[in-house]
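Novice: Fold the stuff below for me.
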Amino acid sequence: CGCDALSPPGGGLVAYGTTSRGLRVAGASEGGLALRMDSPSYHQGSIYALAWAPGAPVLASASNDKAVQVTKVRLGEGDALAHAPPAVLSGHTGTVRCLQWVGGAHLAGASLVSAGAGDCAVRLWDAERGVCVSRLSGHGAAVQAAAAAD
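Specialist: Now for the predicted structure:
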């Protein structure tokens with residue numbers, strides 16, 4: 001398992017990415033975790049980071065395929081979950097190692113996600129339009145972690 005992320009409060013979901021490119025989502029229950037969605041080749045490379053959008057069933061993922069993917073997770077048949085085709089946010093030239101939804105920060109109503117990568121840059125993405133709205137460069141090494149304040 002490469003990484004994991006808990007869904008917003010009340011969601012009861014745990015998402016986890018693998019080094020074999022897979023994305024999985026499990027539901028929490030009294031008996032533990034039960035696999036509810038399995039996308040074995042979700043990214044073209046290992047998944048390094050995941051983040052649920054605040055208050056929404058939207059999941060962002062980061063990978064060594066140099067992309068961020070954003071998808072809406074929805075209830076499928078029975079108790080299974082499914083996901084919409086992901087929006088692929090391309091532009092990094094190195095492994096994307098960290099990401100976070102930027103709570104309370106909106107540009108013209110856009111949902112923003114911040115991503116740091118091996119290209120020594122942090123990009124701020126408009127997740128709805130799939131475009132980079134800002135780029136912070138000049139770091140001397142790969143960006144391994146980032147945090148945003150509300």
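Novice: Give me the local confidence score for V68.
Specialist: For V68, the pLDDT comes out at 94.
Novice: Helix or strand: which one has it?
Specialist: Using DSSP states H and E, V68 falls within strand 67-75.
Novice: And the closest residue in space to G118 that isn't next to it in sequence, its phi and psi?
Specialist: The spatial neighbour of G118 that comes closest, neighbours along the chain excluded (C-beta to C-beta, 6 or more residues apart in numbering), is G94 at 2.7 Å. Heads up, the C-betas are built off the backbone N, CA and C, glycines and all. With angles defined as degrees, to the nearest 10, G94 sits at phi -140, psi 170.
Novice: I'd assumed G116 was in contact with G94.
Specialist: No - between G94 and G116 there is no contact under C-beta atoms under 8 Å: 9.6 Å.
Novice: Neighbour count: those two, which is higher?
Specialist: G116 (26 against 15; other C-beta atoms under 10 Å).
Novice: Just the element for the more buried one, please.
Specialist: Using DSSP H and E, G116 falls in strand 112-117.
Novice: Could you report the distance from L75 to V131?
Specialist: 29 Å (C-beta to C-beta, to the nearest Å).
Novice: So L13 sits against A28, correct?
Specialist: Yes - taking C-beta under 8 Å as the definition, L13 is a contact partner of A28 at 7.2 Å.
Novice: Show me which of the two is the more surrounded one.
Specialist: Shown here are L13 and A28; by other C-beta under 10 Å, L13 has more neighbours (20 against 14).
Novice: beta partners of that one?
Specialist: G27 (DSSP bridges).
Novice: so what's it up against?
Specialist: By C-beta atoms under 8 Å, 6 or more residues apart in numbering, the contact set of L13 is 6-7, 25-28, 36, 52, 73, 81.
Novice: can you check H139 too?
Specialist: Contacts of H139 by C-beta under 8 Å, 6+ apart are 120-122.
Novice: Tell me the secondary structure at it.
Specialist: At H139 the chain is in coil, as set by DSSP: H, G, I helix; E, B strand; the rest coil.
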